[in-house]
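Peer 1: dropping the sequence and predicted coords here.
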Amino acid sequence: MSDPGTTVTRYSIIPNRSRFTVRAFAGGALSAFGHNPTIAIRGFSGDVQFSPEAISASSLRMTINAESLALADAVSEKDRKELERTMREEALEIARYPEIAFESTTVSGNKLFAGRYRIAIEGELTLHGVTRPCPLDVQLIAGPDTLRASGEFSIQQTDYRIKLVTALGGAIKLKDELKFSFDLVAQQTQE
């Protein structure tokens, strides 16, 4: 609970000024070539509440449109269509689970120096119908009316009951780990 005198400022994430990707790690025949697919997360939104004087009063909520995930690698159009279809229909089952969500439960951290913070966010990630704890370690830069947050985190697909799939006739077999990388920009909103 925050002190009644604490100022908490609300921000909205700006997707077209942000970057959010997922890296999958390949096994199978193509693993020797280092073909680890990168997937761009394009459709997402979120709200941040941040208080520099009481970081524990801060929060984060994000929603991702699962259909917006798209292969970012340079591959043939035929391979792109097959890989994206496999990801959307077989792995993520977007018809049943169209949304991915993250909501913070606790936020802590400290100021490194003017406008820069190291933030630890404990939260819950809901993916493929499963909700699990998902901690984030975030580097945050607070400007006069914007925030910029960056970091990385990993999950295991099987923790979210996602079937490990193969693509391109078995040439690509993805490993269990997925590594997420984000560089999010948020703009202060008027209440």
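Peer 2: That came through fine.
Peer 1: how about the helices in the chain?
Peer 2: For the chain, the helices defined by DSSP state H cover 77-85.
Peer 1: okay, strands next: where are they in it?
Peer 2: Under the criterion DSSP state E, the chain carries strands at the ranges 9-13, 19-27, 38-41, 44-50, 59-65, 69-71, 99-113, 116-127, 130-133, 136-142, 146-156, 166-167, 172-188.
Peer 1: Arg85: which of the ones you listed is closest?
Peer 2: Arg85 lies closest, by Cβ to Cβ, to one member of the strands of the chain: strand 166-167, at 8.9 Å. Every C-beta, even on glycine, is put in place using the N, C-alpha and C of the backbone.
Peer 1: I'd like the average pLDDT over that closest one.
Peer 2: Strand 166-167 shows a mean pLDDT of 66.
Peer 1: cool, stretch 77-94 as well?
Peer 2: 84.
Peer 1: got any ranges where this protein has weak pLDDT?
Peer 2: Within the chain, the ranges that satisfy pLDDT under 70 run 1-5, 28-35, 167-172, 191.
Peer 1: mind running it again at 80?
Peer 2: Residues of the chain meeting the criterion pLDDT under 80: 1-6, 26-37, 73-76, 79-80, 83, 165-174, 190-191.
Peer 1: for Arg132, the count of nearby residues, please.
Peer 2: Neighbourhood size, Arg132 [other Cβ atoms under 10 Å]: 12.
Peer 1: next one: it from Ala101, what distance?
Peer 2: With the distance defined as Cβ to Cβ, to the nearest Å, Arg132 ends up 12 Å from Ala101.
Peer 1: what sits in contact with each of those two?
Peer 2: Common neighbours of Arg132 and Ala101, using Cβ atoms under 8 Å, 6 or more residues apart in numbering, are Leu125.
Peer 1: which ones are touching Asp137?
Peer 2: Asp137 neighbours (Cβ under 8 Å, 6+ apart): Arg118, Ile119, Ala120, Ile121, Gly151, Phe153.
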